[in-house]
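S.K.: Just the structure for this:
(chains A and B)
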Amino acid sequence: MDALAHDPVEGAAAPAHARPQLDLELINIRKRYGDFTAVDGVSLKVSKGQFVCLLGPSGCGKTTTLRCIAGLEEPDGGDVLIGGKEATRDPPWQRDIAMMFQDFALFPHMTVAKQVGFGLEMLKKPRAEIAQRVQHILKSFEIDGLADRKPASLSGGQRQRVALARAMITEPRILLLDEPIGALDYSLRETVMLELKLLQQRTGISFIWVTHDQNEAFSLGDLVVVMNHARIEQQGPPEEILQRPATAFVAGFVQGNNVFRGRVKEVLAGMLRIETPVGMFLVPWVAPPPMLGSEVSFSVRAEQLTDALSERHVNRLSAVCTAVEYFGAVRRHVFERSDGEVLKYDQFGAHAARIVPGQRTVLGWPAEAAVLHAGAGQ
Amino acid sequence: MSTIRIRSPASYWLAVPAAAWMLGVVVVPIVLLVWVSFWGGRAFSTASPLTFDNYARFFANQTYLKLALSTIVHTATLMAVTGVLGYCIAYFLVMKVRSPGWRLALFLAFVVPFWTSTLIRAIAWVPFLGVNGVINQTLMFVGATQSPIEAFLYSRTGITMAQVSLYTMLAAGPVVYMLNAIAPQLREAAMTLKATPFTVFRRIVFPLTLPGVVIGQVLVFLNVMSDFATVATIGGNKHALLSNLVLLFYEGSQIRAASVVAVLLMICMLVGVVIALRVVDIRRLGAER
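M.R.: Below you'll find the model as predicted:
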C-alpha cells in the first residue's frame, strides 16, 4: 500500500488501479520440455507476507513453477512479477528472492559462517557488517556453535538450519522452499514446521513452500494451491480446500473424502438427483446447474457419514466394513462399496465402537454435506 | 567367511603377490640405481667404493645444470598450457554439451588416440610439423606464409605442440570427474544467493574441482619429466631434457652417470608430488562429500 503511494511511474508495469502491492504474481505461466508439458497456464497472486503452499503429487509441475519464480527456468510463456515488477527474463541473481533446496545444497568446501555470509558477500556488504549479521543469525537459529564446521560434519537438522540461515540472511522479499523438511527425520518435522511458521510470521517474508505432504500444506499455508498435471486444480485457504474440494482430483487427493461419479438424473430446486453405480443421491448445486444427463462427480467427507440414521440422512448406502483403524481422535472405518471402490467413515474417537469388520451397514449423510465438483466428472 | 578383517593373517597373505611384484620391479631396481650412482673407482663392480664423485661431476658441469633448469621450465610451460586447455575442454564437455550422445562421441574422440602407444603418437607428429608437413602446407595454401616455417620440427616449439596434444587429456580427465561430481543445485543455490555466473565459477565450481586440477597437473608433470621419446623424435638430436641425458649416458655405457641423472630426476618428481599433496590431500578425495 505504501509502495503505491510514492513513485507512480515505477509502478507503470502493473495496472495503476489501487490495490495492495503483491509480493508475487504469476500470469499464465507455461513451460514445456519437448513433448512434456510441465506447467500449463498457472496464475497465482501472493500478497505481502503470505505463506503459500504448492501441493500436489510428484511430477505435477509444482517444482517447475517454483524454479520459474526463482529464475532457474525460463517460462515459455506468461509473466512473473516480483514485488509488482516484471521479472520474467531476469536471471536468478537479479531477483529479490532466496531459495532453500530439497537436499539443502550446502557448499561442501565452506564453513557454516562462510556460507551463511555468502549472500551478504555477494551484496558487497562490508566485512564487519557481514561478520556481525552472520553471528546474529547463527545465534538466533541456535547454531552459533557450528560456525567453523563444514557441512559434512553436520546432522540433517543442523544442515537444514544452516540452509535456512543462508537463505534468510539477505532478507529477501520471497523465500522459495522446495520440500524443505522432506530430508529430515519424521520426529523432527513437526517442531521444524512450527518454527518455520513462527519465523515467517515474525519476518513478514512471503514463503512459497512446495510439498507433496498435505499435512504440511494444510497446517502451514495461508493459501494452499493444489496442482495436478501441470495445472492448478484449486487454490484457497486450507478450510476451503478441505471442506469444498473444487474437482474430483482435489477431493480424491485430500485425505478423508469419498468421491462419487454419476449422471444428473433430475434438477430440483437447489438440488440435483444424481445416479451413480451404487445408487441415487441428492447433492446441492451452485449456479449454474449442470445439464440434465451430464456426467458429474461429488464428494462427502468421511466424518459427515453416520450409521445412526434419521430422516435428515436422505442419502443412504449399504456397504461391508473391511477394516477399522483407531487414531485416537477418530475411528476410521473402511468399507467396500458394491462397485468395488472404497468408502471411508470416520467416527469421533471418544464414541464407543459400533461396527466390526465383516459387518454390512447402511450409512447415510444429509444432502447438504455433499460437495458438487466443477467440470465434467473425469 | 564373508569378510576379511584388517590385520588378519588372510589379509596379509592376499597382499603378498602385489607386494612381491612391487618389491621386484620397483623397490629393488631403485635401490640398485641409487647404489650404483654412488659407485666410485674405475671398475664397474660391486666392490667399488661409495663416493659423491659422480654427483659432484654432474653439478660441476654448467651444461648439465642448464639442461636441468630448461627441463623444469619446459615442464612448467606444459603444465600451464595443458592445465588451462584441459580445464576448458573438461568444462565444455561436462557443462556445455547437453546431449548424452554428443558427449559420448566427443569423449571418445578425445580418448581413442590414447589406445596407441605414446611413441607412435609422438612419431605421428613428424609429418605434421616438418618443412613440407601438413601444417606448413596448410599455412602456405591459405597464404598465411610465403615460405615454409622451419621452426616446427626439431625445435622446442614442436616438442611443446606435440606434448600438449599428448598430455592435455591427462589434465582434463580428473577435472571431468570432479565437475561431474558437483551437484547442479550448488550452482543454482549460489545464483539465488545473488552470485553472477563468473562468481559461481570462482567461488563454487573452481574450488570444488581444485583436487582434479592438482591430480591432472601431477600426471602431466610426471609424464613430461620422464618423456624422452617425444623429445627425441620431434626434437631430433638438437634438443634434450634430463630424461634424454639418461638415455645418452646409458648408450655411452656411462652407467654411473646415467644413474646419477635418473636419481636426480626421481628426486625432482618426488618433490613435485609432495608439493601437490600439500595443496590437496588426494587420499581423502571422495570422503569429502
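
S.K.: Return the residues of the stretch 151-289 of chain B in contact with chain A.
M.R.: Within the stretch 151-289 of chain B, the residues that sit near chain A (C-beta under 8 Å from any C-beta of the partner chain) are B:183, B:185-186, B:188-196, B:199, B:203-204, B:207-208, B:288-289. The way it works is simple: take the backbone N, C-alpha and C, and place the C-beta from them, glycine included.

S.K.: Next, count neighbours for A:Gly340.
M.R.: 8 (other C-beta atoms under 10 Å in any protein chain shown).

S.K.: sorry, that was for A:Met193
M.R.: 19.

S.K.: looking only at pLDDT, what's the mean for the helix or strand that contains it?
M.R.: Applying DSSP states H and E as the criterion places A:Met193 in helix A:186-203. The average pLDDT within helix A:186-203 is 89.

S.K.: So what touches it?
M.R.: Residues outside helix A:186-203 that contact it (C-beta atoms under 8 Å, 6 or more residues apart in numbering or on different chains): A:49, A:51, A:156-157, A:160, A:164, A:168, A:171, A:175, A:180-181, A:184, A:207, A:216, A:219-220.

S.K.: now do stretch B:88-104
M.R.: By C-beta under 8 Å, 6+ apart, the residues outside stretch B:88-104 that reach it are B:106-107, B:110, B:168-169, B:172-173, B:175-176, B:179-180, B:212.

S.K.: Make TSV from those and add neighbour count and secondary structure to it.
M.R.: Shown next, in TSV, are the contacts of stretch B:88-104 (neighbours: other C-beta atoms under 10 Å in any protein chain shown; DSSP: H, G, I helix; E, B strand; the rest coil):
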residue	neighbour count	secondary structure
B:Leu106	14	helix
B:Phe107	14	helix
B:Phe110	17	helix
B:Thr168	24	helix
B:Met169	22	helix
B:Ala172	25	helix
B:Gly173	20	helix
B:Val175	25	helix
B:Val176	22	helix
B:Leu179	19	helix
B:Asn180	13	helix
B:Gly212	25	helix
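
S.K.: now, which of those residues sits nearest A:Asp148?
M.R.: The nearest member of the contacts of stretch B:88-104 to A:Asp148, counting by C-beta to C-beta, is B:Gly212 at 25.9 Å.

S.K.: Would you mind confirming that the closest one is in contact with B:Tyr177?
M.R.: Yes. In this structure, B:Gly212 is within contact of B:Tyr177 by C-beta atoms under 8 Å, at 6.0 Å.

S.K.: how about low-confidence regions in the chain?
M.R.: Defaulting to chain A. Under the criterion pLDDT under 70, the flagged ranges of chain A are A:1-20, A:375-378.

S.K.: other chain: chain B
M.R.: For chain B, the stretches flagged by pLDDT under 70 are B:1-2, B:281-289.

S.K.: Let me see the ranges of the helices in the stretch 51-200 of chain B.
M.R.: Along the stretch 51-200 of chain B, counting by DSSP state H, counting those that start in this stretch, helices occupy B:53-60, B:62-91, B:100-111, B:118-124, B:126-129, B:134-141, B:156-180, B:184-192, B:197-200.

S.K.: now swap in chain A and tell me
M.R.: A:2-5, A:62-70, A:112-116, A:118-122, A:127-140, A:156-168, A:186-203, A:214-220, A:238-243, A:248-253 (DSSP state H).

S.K.: Other residues contacting the last one?
M.R.: In this case it means helix A:248-253. By C-beta under 8 Å, 6+ apart, the list of residues contacting helix A:248-253 reads A:56-57, A:214, A:226, A:228, A:233-234, A:241, A:245, A:257, A:259, A:261, A:297, A:299, A:371, A:373, A:375, A:377-378.

S.K.: 6 Å instead?
M.R.: Residues outside helix A:248-253 that contact it (C-beta atoms under 6 Å, 6 or more residues apart in numbering or on different chains): A:226, A:228, A:233-234, A:245, A:257, A:259, A:297, A:299, A:373, A:377.
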